[in-house]
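Novice: have a look; sequence and predicted model below, questions after that.
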Amino acid sequence: MIRWMDRWRDDSGMATTEYALVTVAAAAFAGILIALVRSDEVRELLAGILRSAFG
């Protein structure tokens, strides 16, 4: 019984799983940002900010 509990608590491979989840989350976030930047409203907002910054 104790060996089964030790095996159940084994967390080898957790770092790999965490890296994979973070990578998937980062890719999803990048996809959302790309979709936002391609929208006309955001593009106009960014252009307005650049125009006011560079006069």
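Specialist: Everything's here; your move.
Novice: where does pLDDT dip in the chain?
Specialist: Applying pLDDT under 70 to the chain flags the ranges 1-14.
Novice: packing partners for the helix or strand harbouring Arg51?
Specialist: For Arg51, the enclosing helix or strand under DSSP states H and E is helix 40-54. Using 3 or more Cβ pairs under 8 Å, 6 or more residues apart in numbering; DSSP states H and E, the elements in contact with helix 40-54 are helix 14-38. For every residue, glycine as well, the C-beta is placed using N, CA and C.
Novice: quick one: the helix holding Arg51 to helix 14-38, angle?
Specialist: For helix 40-54 against helix 14-38, the angle by axes from the mean of the first three to the mean of the last three Cα atoms, to 10 degrees is 80 degrees.
Novice: so for this protein, the centremost residue is which one?
Specialist: Most central in the chain under Cα atoms, centre = their mean is Ala26, positioned 2.0 Å from the mean C-alpha point.
Novice: could you check how far it is from Val42?
Specialist: Distance, Ala26 to Val42, by Cβ to Cβ, to the nearest Å: 20 Å.
Novice: which residues touch the residue nearest to the centre of the chain?
Specialist: Contacts for Ala26 (Cβ atoms under 8 Å, 6 or more residues apart in numbering) come out as none.
Novice: how much space between it and Ala15?
Specialist: Ala26 sits at a distance of 16 Å from Ala15 (criterion: Cβ to Cβ).
Novice: over to Gly55?
Specialist: For Gly55, the distance to Ala15 - Cβ to Cβ - is 50 Å.
Novice: same thing with Thr23?
Specialist: The gap separating Thr23 from Ala15 is 12 Å, by Cβ to Cβ.
Novice: for the helix holding Arg51, which positions count as buried?
Specialist: By 16 or more other Cβ atoms under 10 Å, helix 40-54 has no buried positions at all.
Novice: give me the contacts around that helix.
Specialist: Residues from elsewhere that reach helix 40-54 (Cβ under 8 Å, 6+ apart): 36-37.
Novice: now find how far off-centre stretch 36-55 is within its chain.
Specialist: Put simply, stretch 36-55 sits 23 Å off its chain's centre (Cα atoms, centre = their mean, to the nearest Å).
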